[in-house]
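Trainee: Fold the following and give me the result.
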Amino acid sequence: MTIAWSAAFLLLYPASALMGPGALWGVDALLHAAWAPVAFPVGILIILAAIGRPLHVKRAWESIQAHSIWVYPTLVIVLSLVLPPAVHLLGDGYLLIRELDAEAWERLSRTDRAPLSFWLLVRLHRAILYVGGDAELTYRLVSTASGILYGILISPVARAISPTESSTGIVSGVLLTAGYLPLFLGYVENYAPLYPGMMCLVWLLARSVREGRDLVAAGILLGVLVTLHFTTASLIPGLLFAAWATRSRGWVRVSAEVAICPVVMLALLHGIGFDFLEYTATLRSHTLPLTAEHGGLSAYSLLSAPHLLDVLNSVLLAYPIVLIVVLSGAVPSRLGDPLLRLLLTLSAGPTLFVLVANPEIGAFRDWDILSLPGLPLILLTALAWARHTPSQREATCAVGAAALHALLWCGMLADETAARNRFAALMENTPLSSHGRVYGWETLGTFFRDGGDHANAAEAYQDALEANPNHARLWLLLGNARLQEGRLKDARAAYRRSLALSPESSEAASNLGVVLVRLGEYHVAIEHLDRAVRLRPDYAEAWMNRGVAKANAGQLDEAITSIREAVRLDNDYVNAHRNLATLYARKGMQDSARHYQQKALDKGKEEKKRRSG
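Mentor: Okay, here's the model as predicted:
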């Protein structure tokens with residue numbers, strides 16, 4: 001049955017291609033990656049060849065197992081070099097990069113339920129900046145380092161929960177082929193460090209349950225994990241089960257060890273200056289409504305078919321081996337083994353979280369956090385499967401199918417065109433809340449904008465505006481894209497709409513002034529630029545734009561005054577120095593013109609030097 005269900009899982013790939021985008025987004029590589037129609041059958045042929053040579057596969061796997069302490073982490077390093085994610089459209093990737101580069105988190109008081117993660121990332125980022133790195137490099141290093149730790153821990157964890165050497169190999173195999181592997185290859189998010197942390201927790205709890213060891217280290221570790229990301233509080237039932245399983249050591253002692261977890265959590269939060277009481281007072285629900293949609297933050301209700309399909313796709317994407325093994329019937333008839341019960345309790349909380357959590361930006365984008373149950377579920381499934389003593393062919397087929405899937409998924413994320421096309425297709429074809437639709441299209445638009453593709457950026461912003469036509473910032477972004485395209489009248493209309501929705505937007509007023517100058521409407525432009533500097537007196541760019549408008553209107557003295565204010569506010573403003581040189585030359589003041597021309601040259605060289613590192 002295992003071989004049949006492994007084949008059925010792989011058949012979902014061509015089924016997904018026939019059904020089109022959105023239906024089976026957990027197995028959609030054939031739809032979006034140009035190379036996948038070749039790689040997929042080649043992978044199947046390799047699996048078939050391995051099934052036909054069970055003794056060769058067994059010897060090879062035993063050799064790998066003998067050197068696993070360095071082979072597994074080396075594999076992660078190689079994959080991170082060969083298949084690093086090419087874009088960061090999924091999750092909050094680009095938003096996190098921008099905010100980390102700007103060190104905005106302390107100003108924004110945003111933690112994404114991950115206070116210690118943000119605190120540590122800011123400090124690591126400062127060190128990375130010192131050696132010429134950036135926010136993206138910071139995240140990539142954290143991701144890969146987490147993967148290396150994960151690889152190192154595979155063998156100890158497999159041995160801790162496995163009764164035999166053969167079952168150790170099965171557990172190691174399924175851990176190596178999990179669909180959440182991209183998290184370790186340079187993926188930008190806060191979840192990668194949680195996985196080696198959870199591996200350590202399983203190892204500590206398994207040793208406690210098996211050997212009656214104390215829970216001090218496990219309590220400390222879980223306290224740290226919860227502070228890294230509050231979602232890991234869903235693992236607390238595992239700690240409580242271990243306490244119950246070792247109650248013979250005395251309830252007072254066991255209770256004290258369990259209490260270490262919240263003590264460590266609160267101490268860490270206090271140490272980093274995080275007000276937990278204030279956080280809980282402003283906490284809003286992140287769960288799906290039971291039977292009805294809830295405004296713009298949910299795409300469906302808890303019991304709806306689209307939600308259940310998204311959950312299925314999350315499982316197919318992140319831990320398909322669980323489905324293959326469970327459908328094969330390799331589940332325990334009873335849970336007499338304490339390790340099985342431990343893994344079941346560790347799985348219960350994260351699984352419940354996935355079932356009730358609201359993927360506000362879309363389940364296909366939130367695949368990373370929805371993968372959280374994958375680790376404990378994979379361990380539970382692998383241990384239960386090993387008890388059924390699968391044949392070498394069955395193990396090769398199931399693990400091979402999972403490995404092929406994981407490589408296709410990693411490869412698709414490493415292919416910029418495939419990843420971008422998949423994102424756009426799923427934005428159009430999956431259930432999304434209005435918030436998720438706006439945020440998703442804005443993310444894609446900003447990606448195009450940063451790549452210089454302003455036409456596609458404008459289209460993405462227009463798609464976002466279809467979901468929320470009263471979003472002032474989106475009209476501003478659309479205006480910026482149209483301005484870069486040279487479509488001045490369209491840009492003017494977009495900026496006016498943005499100002500109508502947000503009259504206090506100094507940026508919209510300034511940019512509208514720029515467009516009006518280019519259209520020759522100098523006096524109207526000056527009115528809007530006066531408004532911009534009135535709204536924000538420290539806005540150097542608006543003062544410069546105002547000076548340009550004044551100059552075009554023939555008001556040279558006022559133009560000079562305005563641009564000098566821009567220079568006062570930002571002495572590194574190269575264009576402001578250059579425009580002052582031009583204006584002084586027009587007035588015949590050659591000494592001043594030469595002074596500002598030299599300033600422009602010097603500042604330009606400094607800026608070029610800064611950009612080159």
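Trainee: Leu95 touches Thr443, doesn't it?
Mentor: Yes - between Leu95 and Thr443 there is a contact under CB atoms under 8 Å: 7.5 Å. No exception for glycine: its C-beta is placed from N, CA and C like everyone else's.
Trainee: Of these two, which one has the most company?
Mentor: Between Leu95 and Thr443, counted using other CB atoms under 10 Å, the more crowded position is Thr443 (23 against 18).
Trainee: Quick one: end-to-end distance for stretch 299-312.
Mentor: Terminal residues of stretch 299-312 lie 16 Å apart, using CA to CA, to the nearest Å.
Trainee: Give me the residues contacting it.
Mentor: 23, 26, 287-293, 354-356, 359, 362-364, 370, 430-433, 436 (CB atoms under 8 Å, 6 or more residues apart in numbering).
Trainee: Mind checking which of these are in helices?
Mentor: Val354, Leu355, Val356, Leu370, Gly436 (DSSP state H).
Trainee: Spatially, which residue comes closest to the second one, not counting chain neighbours?
Mentor: Excluding its sequence neighbours, the residue lying closest to Leu355 (CB to CB, 6 or more residues apart in numbering) is Val311, at 6.6 Å.
Trainee: can you pull the buried residues of stretch 478-496?
Mentor: 478-484, 487-488, 490-496 (16 or more other CB atoms under 10 Å).
Trainee: so after the least confident helix or strand in the chain by mean pLDDT, what's the next helix or strand?
Mentor: Ranked by mean pLDDT, DSSP states H and E, the weakest helix or strand in the chain is helix 105-108, scoring a mean of 60. Going down the chain from helix 105-108, the next helix or strand is helix 115-130, by DSSP states H and E.
Trainee: and that next one, how far out from the chain's middle?
Mentor: Distance, stretch centre to chain centre, for helix 115-130: 17 Å (CA atoms, centre = their mean, to the nearest Å).
Trainee: Likewise for stretch 231-251?
Mentor: With CA atoms, centre = their mean, you get 31 Å for stretch 231-251.
Trainee: Can you tell me which of the contacts of stretch 299-312 are buried?
Mentor: Neighbour counting over the contacts of stretch 299-312 (16+ other CB under 10 Å) leaves 23, 26, 288-289, 354, 359, 362-364, 370, 430-433, 436 as the buried ones.
Trainee: Among the residues you listed, which one sits closest to Ile563?
Mentor: Proximity of the buried ones among the contacts of stretch 299-312 to Ile563 (CB to CB) peaks at Gly436, which lies at 43.1 Å.
Trainee: So which bits of the helix or strand that contains Ile526 are buried?
Mentor: Using DSSP H and E, Ile526 sits within helix 522-535. Residues of helix 522-535 classed as buried by neighbour count (16+ other CB under 10 Å): Tyr522, Ala525, Ile526, His528, Leu529, Asp530, Arg531, Ala532, Val533, Leu535.
Trainee: Alpha carbons only: can I get it in PDB?
Mentor: Extracted C-alpha coordinates of helix 522-535, given in PDB (Å, rounded to 0.1, in the frame of the first residue of the first chain):
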ATOM      1  CA  TYR A 522       3.900  75.500 -13.100                       C
ATOM      2  CA  HIS A 523       1.600  77.700 -11.000                       C
ATOM      3  CA  VAL A 524      -0.700  74.800 -10.000                       C
ATOM      4  CA  ALA A 525       2.400  72.800  -9.300                       C
ATOM      5  CA  ILE A 526       3.700  75.400  -6.900                       C
ATOM      6  CA  GLU A 527       0.400  75.400  -5.000                       C
ATOM      7  CA  HIS A 528       0.700  71.600  -4.400                       C
ATOM      8  CA  LEU A 529       4.400  71.900  -3.500                       C
ATOM      9  CA  ASP A 530       3.600  74.700  -1.000                       C
ATOM     10  CA  ARG A 531       1.100  72.400   0.500                       C
ATOM     11  CA  ALA A 532       3.700  69.600   0.700                       C
ATOM     12  CA  VAL A 533       6.300  71.700   2.600                       C
ATOM     13  CA  ARG A 534       3.500  73.100   4.800                       C
ATOM     14  CA  LEU A 535       2.500  69.600   5.700                       C
END
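Trainee: Check which helices and strands it sits against.
Mentor: When contacts are defined as 3 or more CB pairs under 8 Å, 6 or more residues apart in numbering; DSSP states H and E, helix 522-535 packs onto helix 506-518, helix 540-552.
Trainee: following the helix or strand harbouring His577, which helix or strand shows up next?
Mentor: Assigned by DSSP H and E, His577 belongs to helix 574-586. Of the helices and strands lying after helix 574-586 in sequence (DSSP H and E), the nearest is helix 590-611.
Trainee: List the neighbours of that next one that are in contact with it.
Mentor: Asn571, Asp572, Tyr573, Val574, Asn575, His577, Arg578, Leu580, Ala581, Thr582, Tyr584, Ala585.
Trainee: Let me see the contact set for the third one.
Mentor: Listed by CB under 8 Å, 6+ apart, the contact partners of Tyr573 are Ala540, Glu541, Met544, Ala566, Val567, Lys603.
Trainee: Please repeat the previous calculation with a cut-off of 7 Å.
Mentor: By CB atoms under 7 Å, 6 or more residues apart in numbering, the contact list for Tyr573 reads Ala540, Met544, Ala566, Val567.
Trainee: Can you pull up the most central residue in the chain?
Mentor: Centroid check for the chain by CA atoms, centre = their mean gives Gly91 as the closest residue, at 3.3 Å.
Trainee: What distance do you get for Gly554 to Tyr522?
Mentor: Gly554 sits 9 Å away from Tyr522, going by CB to CB, to the nearest Å.
Trainee: Please name the residues that touch Ala386.
Mentor: Ser162, Ser167, Ile170, Val171.
Trainee: In helices, which of these appear?
Mentor: Under the assignment DSSP H, the contacts of Ala386 contribute Ser167, Ile170, Val171 to helices.
Trainee: where in the stretch 501-613 of the chain is pLDDT low?
Mentor: Counting by pLDDT under 70, the ranges of the stretch 501-613 of the chain that qualify are 610-613.
Trainee: let's go with 50 and repeat that
Mentor: Counting by pLDDT under 50, the stretch 501-613 of the chain shows no low-confidence range.
Trainee: circling back: can you redo the helices and strands packed on helix 522-535 as CSV with distance to Gly133 and mean neighbour count?
Mentor: Below are the helices and strands packed on helix 522-535 laid out as CSV (distance: least, CB to CB, whole Å; neighbours: other CB atoms under 10 Å):
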stretch, distance to Gly133, mean neighbour count
helix 506-518, 29, 24
helix 540-552, 28, 24
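Trainee: Turn those into TSV, columns for distance to Val209.
Mentor: Converted to TSV, these look like this (distance: least, CB to CB, whole Å):
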stretch	distance to Val209
helix 506-518	59
helix 540-552	62
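Trainee: of those, which approaches Asp214 most closely?
Mentor: Nearest of these (CB to CB): helix 506-518, 58.3 Å.
Trainee: Give me the contact list for that closest one.
Mentor: For helix 506-518, the surrounding residues in contact (CB under 7 Å, 6+ apart) are 476, 479-480, 483, 488, 491-492, 495-496, 498-499, 502, 524-525, 528-529, 531-532, 535-536, 539, 541-542, 545, 548-549, 552.
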